[in-house]
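A.B. asks: Give me a model of this one.
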Amino acid sequence: MKPTVALFHAPLCAIAIVTALAAPARAENVLATHRLGAGLAAEAVSEAVATCAKQGYKVTATVVDTDGVTQALLRGDGATMTALEASHDKAYTVLTLGAPRNEEASSAVAQRMGATPSPGGLAKLSHILLTPGAVVIRTGGEAIAAIGVGGAPGGDLDEACAKAGLDKIGDRLK
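C.D. replies: Reported below is the predicted structural model:
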């Protein structure tokens, strides 16, 4: 028996690939997403920091988009450097672990998960902080960002300031 040999013809393959890539996009191949505008993100962090400052808390507020990227950040006067990381990680946590389950605040995630998750699971993930202090920002039911606050003398106080930031822009998210 003679083995069959398949011949590879590069020009024909290249034409086939280019033709496939040039095909018109179909609706099921295009993802539509929404983003929070920079102006609203800046307003939200500003309001969160101002709300906490009125109560004597020195905090940092961060808006994180659905890719986990910081979109807006404001470090209040006297806020510690740990508040900066905490505000980001709280927002990231509520987006990744809470938003898909319709949990609107990091306090709900922390309550569900417990303070010390099992080793080998969440304990190894970067930027997960299971403590109150962040809320999801939604438009039309879609999570588009989260705002986290760090630095107040309790996560519940951080979360109240994050909620104030969301409330400041909430009527413009429709």
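
A.B. asks: Do a quick rundown of the strands in the chain.
C.D. replies: With DSSP state E, the ranges of strands along the chain come out as 60-65, 70-75, 134-139, 142-150.

A.B. asks: right, so those: which one is the most enclosed?
C.D. replies: Burial of these is given as mean neighbour count (mean count of other C-beta atoms under 10 Å); strand 60-65 ranks first at a mean of 30. Heads up, the C-betas are built off the backbone N, CA and C, glycines and all.

A.B. asks: so that strand versus strand 142-150, what angle?
C.D. replies: 160 degrees (axes from the mean of the first three to the mean of the last three C-alpha atoms, to 10 degrees).

A.B. asks: what about strand 60-65, average pLDDT?
C.D. replies: In this model, strand 60-65 has a mean pLDDT of 98.

A.B. asks: count of neighbours near the nearest residue to Asp158 once chain neighbours are set aside?
C.D. replies: Spatial nearest neighbour of Asp158, excluding adjacent residues (C-beta to C-beta, 6 or more residues apart in numbering): Gly133 at 3.4 Å. Using other C-beta atoms under 10 Å, Gly133 has 34 neighbouring residues.

A.B. asks: so what's Gly133 up against?
C.D. replies: 86-87, 90, 106-107, 148-150, 152, 155, 158-159, 162 (C-beta atoms under 8 Å, 6 or more residues apart in numbering).

A.B. asks: Filter these down to just the ones in helices.
C.D. replies: Among these, DSSP state H puts Ala86, Ser87, Lys90, Ser106, Ser107, Gly155, Asp158, Glu159, Ala162 in helices.

A.B. asks: With respect to Gly140, which of those residues is nearest?
C.D. replies: Of all those, Ala162 has the smallest distance to Gly140: 20.7 Å, by C-beta to C-beta.

A.B. asks: Touching, that closest one and Ala145? I think so.
C.D. replies: No - counting by C-beta atoms under 8 Å, Ala162 stays clear of Ala145, with 11.5 Å between them.

A.B. asks: so what sits against both of those two?
C.D. replies: Looking at what touches both Ala162 and Ala145 (by C-beta under 8 Å, 6+ apart), there is no common residue.

A.B. asks: State the phi and psi torsions of the spatially closest residue to Glu142 that is not a sequence neighbour.
C.D. replies: Nearest non-adjacent residue to Glu142, counting by C-beta to C-beta, 6+ apart: His34, 5.9 Å away. The phi and psi values for His34, taken as degrees, to the nearest 10, are phi -120, psi 150.
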